[in-house]
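Student: prediction below, plus the sequence it came from.
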Amino acid sequence: MRGEIRPIADPDSEDDSTEVAAVPFEVTVARMIRARRTGTLRLVDRRGEEHTLLIDSGLRILPRAARMRLDHTFAAAEEIFRRSAAAEEIHLTPTAEIPEGTPTLDAFEALYRGVRARGNDSPNVRAFVHAGRPFVLHRDAHLEAFPLTPAERKVASLLAALPLTLDALMKRRVLPEEDLITFLYFLGVTHSAFREGDDTASLDPLGHLTPEEVLSRLPPAERGRARLSELLRAAVMTATLGAGLLWLLHWTGDRVRGTHVSFHSVHGIAGLLGTVLLTLVQLIAYSHRAAETPKTPLLLAFFGVTLGVALWQEAAKAFTVLDHYRRHGTLSLRGALSLGLASGAGLGLADALLTSPPAPKFWLSSQGQLLHYASRIALHAVWSASAATSLHRRRKEIRTARNFLDNLATLGAVIALPVLLHGTFDTALRRGSPLLAALFALASLLPLLAAVSRK
């Protein structure tokens, strides 16, 4: 049958032995990506023209279509998938790795575009889609690796909720019929979905990427770096949510001040959790009031600033970096440093606005007012950058954590020193000791410089 591979080296094997097989072109590409194999698919069309698809470690693809000026484009890859439907011969041969610096395409996107370009006229599509059985999204499906459209993501979410037949999906009118059939076949090719009753024990959904593989898919200039949009999002998140959460805790604490709940009146788990939460909020509010009261003893004021302000602000800033390494883990030390600086600068600006002493408007402010803003933004950035470098060193520990509580323990460990420095600086400043505050501000640079200079 045309469009099927005849002499082929099994993509799932580790050797280069040749065996006879009848495997659709797109399925072979998916197998090579899943096995992270390197090889060259060569097909000869009716005109006798040869087209090649070089696959490097299952992550990068170099398409070369005859008579196409731009060999390295997705258009070339789509054309090769189209020609495969009527190819006279398709061979899979070993090949050397693609030389460094050669323009290549992302293999996952190339497969996605290729299946869509080929369409649904293949007998394989009809056999898979028109079986009359409901479709189920694989519980381990990783569709984030593919550039799906919003409508396709909605179809995937529908299948994740409950099994649906082709007719049931068509009644939802999320996608046109032709596009829906093609997308369902794509899910089948990548093992992201299956039909009820199929043997799924050996199915390994395509699309799962380790952080190292995510990095290798990016252009060299973007590897390990934080994008500008990511930096702006981190700054805005910490400036609004971080500062807002702290204000909400203090406001709630003031409102429930004096409220007492007897443990004898607590019933059930919900009552116990409510009592613990109420007590925690009251302690935070009390710590904040103790820090703001001039007559409070120095040591008590220090604990008030540290536990009522510094702890929550540093945790909010560091959480953005922790969340990145928990979900992605692609940032280098420089990328983590820039993300930490952005988070700190955002919260620092919000903190400066909230704690600004009475003064004229900002653009007419005195030198002291300008120093207040500069010091807040700079120090918050330094403290969060220091925590970010520590999180970068523990990125493997974060990625392999058994649960979120383990990551919270890691977060507490890395922010301990920034919280201490933050607390001592604020305490000295509130007690009218600017020289001592300046010394602690300079000391805040030492952990960051040590982390950056470490090889």
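Tutor: Sure thing, it's come through. Numbers count the residues shown, from 1 in each chain.

Student: contacts and neighbour counts: CA atoms only from here.
Tutor: OK.

Student: which is the next helix or strand following the helix or strand in which Asp426 is found?
Tutor: Under the criterion of DSSP states H and E, Asp426 resides in helix 404-430. Sequence order places helix 434-443 as the next helix or strand after helix 404-430, per DSSP H and E.

Student: show me what the helix or strand that comes right after that next one is packed up against.
Tutor: As assigned by DSSP H and E, the chain's next helix or strand after helix 434-443 is helix 445-453. Helices and strands touching helix 445-453, by 3 or more C-alpha pairs under 8 Å, 6 or more residues apart in numbering; DSSP states H and E, are helix 367-393.

Student: in the helix it packs on, what's buried?
Tutor: Neighbour counts over helix 367-393 (16 or more other C-alpha atoms under 10 Å) mark 369, 372-373, 375-392 as buried.

Student: cool, and stretch 182-198?
Tutor: For stretch 182-198, the neighbour count (16+ other C-alpha under 10 Å) marks 182-195 as buried.

Student: end to end, how far does that stretch reach?
Tutor: End-to-end span of stretch 182-198 (C-alpha to C-alpha, to the nearest Å): 19 Å.

Student: can you check stretch 423-437 too?
Tutor: Counting by C-alpha to C-alpha, the terminal residues of stretch 423-437 are separated by 10 Å.

Student: run the chain-centre distance for it.
Tutor: Centre-to-centre, stretch 423-437 and its host chain are 38 Å apart (C-alpha atoms, centre = their mean, to the nearest Å).

Student: what's the mean pLDDT across it?
Tutor: What stretch 423-437 shows for mean pLDDT is 82.

Student: list the buried residues in that stretch.
Tutor: Within stretch 423-437, judged by 16+ other C-alpha under 10 Å, the buried ones are Gly423, Thr424, Phe425, Asp426, Thr427, Ala428, Arg430, Arg431, Ala437.

Student: what secondary structure does the spatially closest residue to the first one that is not a sequence neighbour sit in?
Tutor: Distances taken as C-alpha to C-alpha, 6 or more residues apart in numbering place Thr306 nearest to Gly423, at 4.4 Å, with adjacent residues excluded. The assignment at Thr306 comes out as helix when based on DSSP: H, G, I helix; E, B strand; the rest coil.

Student: dump the residue contacts of Thr306.
Tutor: Val419, Leu420, His422, Gly423, Thr424 (C-alpha atoms under 8 Å, 6 or more residues apart in numbering).

Student: my guess is the last one contacts Phe440. True?
Tutor: Meaning Thr424. Yes: applying C-alpha atoms under 8 Å as the test, Thr424 and Phe440 come out as touching, 7.0 Å apart.

Student: which member of the buried residues of stretch 182-198 is positioned nearest Arg37?
Tutor: Arg37 has its nearest neighbour among those in Thr190, at 15.5 Å by C-alpha to C-alpha.

Student: leaving out chain neighbours, which residue sits closest to the closest one?
Tutor: Nearest to Thr190 is Leu206, by C-alpha to C-alpha, 6+ apart, at 5.1 Å.

Student: can you get me a residue count around that neighbour?
Tutor: 23 (other C-alpha atoms under 10 Å).

Student: looks to me like it is in a helix.
Tutor: No: read with three-state DSSP, Leu206 is coil and lies in no helix.

Student: that older thread, now render the contacts of Thr306 as a markdown table, adding distance to Asp106.
Tutor: Below are the contacts of Thr306 laid out as a markdown table (distance: C-alpha to C-alpha, whole Å):
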| residue | distance to Asp106 |
| --- | --- |
| Val419 | 42 |
| Leu420 | 45 |
| His422 | 44 |
| Gly423 | 47 |
| Thr424 | 50 |
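
Student: may I ask which two of the residues you listed are separated the most?
Tutor: Largest separation among those by C-alpha to C-alpha: Val419 and Thr424, giving 8.6 Å.
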